[in-house]
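1. Predicted model follows, preceded by the sequence.
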Amino acid sequence: MKFITCFLLILLGTSAFSQKILSEKERAEVVDEILEERMTKLLPALMREAGIDMWVIISREYNEDPVMKTMLPAVWLSARRRTIMVFTDKGEKEGVERLAIARYDVGNLLKGEWDLHTNPDQWEALIKVIKERNPKKIGLNFSQYYAHADGLTYTEQKEFMAKLPKEFHERVVSASNLAVSWLETRTEREMAIYEQISRISHQIIDEAFSDKVIQVGVTTTDDVVWWMRQKVTDLGLETWFHPTVDVQRYNPENFDHLRTFTKRPTKQIIMPGDLLHCDFGIKYLRLNTDHQRHAYVLRAGETDIPEFLKKAFQQGNRLQECLTENFKAGKSGNDILANALVQSKKEGINGAIYTHPIGNHGHAAGPTIGMWDNQGKTIGAGDYPLRYNTAYSIELNAAVEITEWKKTIRIMLEEDGFFDDKGNFRYIDGRQQEILRIPR
C-alpha cells in the first residue's frame, strides 16, 4: 500500500501544475519593487556608461514609448495624456533625479514637476527643468535599428525641438544604446523570478504534450494550441504570441524553413509515430518566455523513443552547445553566429541559428544572433555586442537525414538562457535533453 501511495504521489507530481501564481495585488507589489530597484541601482550605471546625463522620454496616452511602458508603475496601464519622464544624473553622491513633467507624481517612482501657476504650458515646464539642470547630453529615444528604442514620435520630436532653445540642440543625441541596455539588463531578483516563470511555461508544455490533453487519433494540433491558450488564460497569465503545434512523420513531406514559419498546416490529427513540436511563450510579471520542445507519440508495441530520433535530437542539443560555447562578452551577435556555424559545420551538424534576446519583450532588444531567413550578417542589431546580465532565447534547428523515414527532419529547439556577470551561460530552467513520450 505504501508503494502504491508513493507511486501515485510521483505520478501526480510529474503532471500537476506546481508553481504559485500571484494575485493581481501581489503582482503589482513585485513589479513596483523591482522597478524601484532598477531605477535606483541599475539606471545610474547605465546612464554613465552611455555618457548621457539627461534622458527625456515623451509619450502620449495609448501610444506609449516601449521603454516608458517598462517604467510605468503597476497601476498605470498606460501613459496619461502626454507623459514626460526626465532622468538627470547628478553624480555618484546624489544619483539620478527622477522627474515627471506632470501635475502629479508617477506612483512613488517619479516626482511630479509641473506647476501650472508658473508654467501653464507643459513644454515650457520641461524646458525650465532642462535649463536649470544644464545637461551636457540630452538623450531621446530614436533609433535606426531598434524599434524598442525608437519610441519618440514624429509629432513629439517636432514639438520638443521647436520649444528647445537653440543652444541645447547640439546636445541632443540618440539614447538608443541606453534604451537597449535598460531593456536587456536583468537584476538578481528578476532572474530568481524568471526561473519560476520559465518553469510555468515548461509545465504547460509538459501537460499539453501528454495523454491528459491528447487523445491519439482524435486530437488535432489545433486542439492542443487552443488548450494551451486556454490554460494560460485560466492561470490568469498572458501569451505574447499565438502558440503553434506541428507534426513531422513518416511521409514524403520535408520540413523546410518556409513551411516551419509561414506554411504549416493548422490542423493535423495526431497519430502514433508522430514527432510533435510546439512553439510557446507566456508573459508574467513583465517578463516573457519563448520555448520550443518535442514529443513523440508511441506506436503500438513501442515503449521508448526510436533510437534514430534520439540521435537526431542529440544533434539539436549539440548545436545549442556550439552556440553558447561562443558566448563571449563584447562579441557581436554576427561574430557569435559565424563562429557557431563554423564549429557546428566542422562537427557535421547541418544547423540554422536564429537566436534573440528576451526579457520585457519576446523578441527583445539586444544582439541579434542570426535570423531564420538570414544566416549571414544582420546589419545593426547583429553588430550589437553581448553584454553581461542579459537573457536570450536560444532558438535554432538541426536538419537531420532520417534513413528510416527516407527524409530530412528538423530538430527545432528553443530554450531561454542567461549570460551572467561572470561570463557564464546557463539555461534559466534547464533545457530539453530527451524527447517527451506520449503516453509517459
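-> Right, received. Where do you want to start?

2. Please make it C-alpha for all contacts and neighbour counts, starting now.
-> Will do.

3. What does the pLDDT read for the one residue sitting closest to the centre of the chain?
-> When CA atoms, centre = their mean is applied to the chain, the residue found nearest the centroid is I358 (2.3 Å). What the model reports as pLDDT for I358 is 98.

4. my read: it touches A365, true?
-> Yes. I358 is within contact range of A365, at 7.5 Å (criterion: CA atoms under 8 Å).

5. what residues are shared contacts of these two?
-> Both I358 and A365 are contacted by E184, under the criterion CA atoms under 8 Å, 6 or more residues apart in numbering.

6. related to what we said a few turns ago, how about the contacts made by the residue nearest to the centre of the chain?
-> The contact partners of I358, taken as CA under 8 Å, 6+ apart, are 184, 288-290, 364-365, 391-393, 416.

7. Show me how to select, in ChimeraX, the buried members of the residues you listed.
-> Buried subset of those, written as a ChimeraX selection, criterion 16 or more other CA atoms under 10 Å:
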select :184,288,289,290,364,365,391,392,393,416
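
8. Mind checking which of the contacts of I358 land in helices?
-> E184 (DSSP state H).

9. Format the contacts of I358 as JSON lines; extra columns: distance to R38 and pLDDT.
-> Putting the contacts of I358 into JSON lines (distance: CA to CA, whole Å; pLDDT from 0 to 100) gives the following:
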{"residue": "E184", "distance to R38": "12", "pLDDT": "98"}
{"residue": "N288", "distance to R38": "18", "pLDDT": "98"}
{"residue": "T289", "distance to R38": "20", "pLDDT": "98"}
{"residue": "D290", "distance to R38": "23", "pLDDT": "98"}
{"residue": "A364", "distance to R38": "18", "pLDDT": "96"}
{"residue": "A365", "distance to R38": "17", "pLDDT": "96"}
{"residue": "A391", "distance to R38": "16", "pLDDT": "98"}
{"residue": "Y392", "distance to R38": "19", "pLDDT": "98"}
{"residue": "S393", "distance to R38": "22", "pLDDT": "98"}
{"residue": "D416", "distance to R38": "22", "pLDDT": "98"}
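
10. Return the subset of the contacts of I358 lying in strands.
-> Taking DSSP state E, the ones among these that sit in strands are 288, 391-393, 416.

11. so what are the domain limits for this protein?
-> Residue ranges for each domain of the chain read 24-183, 186-438, as given by automatic domain parsing.

12. okay, the ones you listed in JSON lines with distance to S18 next?
-> Listed next are the domains of the chain as JSON lines, based on distance: least, CA to CA, whole Å:
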{"stretch": "domain 24-183", "distance to S18": "18"}
{"stretch": "domain 186-438", "distance to S18": "8"}
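
13. ranking those domains by burial, who's on top?
-> Mean neighbour count (mean count of other CA atoms under 10 Å) peaks for domain 186-438 among the domains of the chain, with a mean of 19.

14. distance between the ends of it?
-> Terminal residues of domain 186-438 are spaced 36 Å apart (CA to CA, to the nearest Å).

15. Centre of the chain to that domain, how far?
-> Distance of domain 186-438 from the chain centroid (CA atoms, centre = their mean, to the nearest Å) equals 13 Å.

16. ok so, going back, per-stretch mean pLDDT over the domains of the chain, give me the minimum one.
-> Mean pLDDT is lowest for domain 24-183 among these, at a mean of 90.

17. so how far is that one off the chain centroid?
-> For domain 24-183 - counting by CA atoms, centre = their mean - the centre lies 23 Å from the chain centre.

18. what ranges do the helices span in this structure?
-> Counting by DSSP H, the helices of the chain are 2-15, 24-37, 43-50, 66-71, 122-133, 154-163, 166-169, 176-184, 188-208, 221-234, 257-261, 307-324, 333-346.

19. Need the contact partners of the longest one.
-> Outside of helix 188-208, the residues within contact range by CA under 8 Å, 6+ apart are 15, 17, 19, 34, 213-214, 224, 227-228, 231, 278, 280-282, 284, 287, 289, 291, 293, 416, 428-429, 436.

20. 6 Å - rerun?
-> With contacts defined as CA atoms under 6 Å, 6 or more residues apart in numbering, helix 188-208 is touched by 428-429.

21. relative orientation of it and helix 221-234 in degrees?
-> In terms of direction (axes from the mean of the first three to the mean of the last three CA atoms, to 10 degrees), helix 188-208 departs from helix 221-234 by 140 degrees.

22. just the last one next, same as before
-> Orientation note: helix 333-346 sits at an angle of 140 degrees relative to helix 221-234 (the same axes, to 10 degrees).

23. same deal with the second one?
-> Angle of helix 24-37 versus helix 221-234, following the same axes, to 10 degrees, is 80 degrees.

24. elements contacting helix 24-37?
-> Here helix 24-37 touches no other helix or strand, going by 3 or more CA pairs under 6 Å, 6 or more residues apart in numbering; DSSP states H and E.
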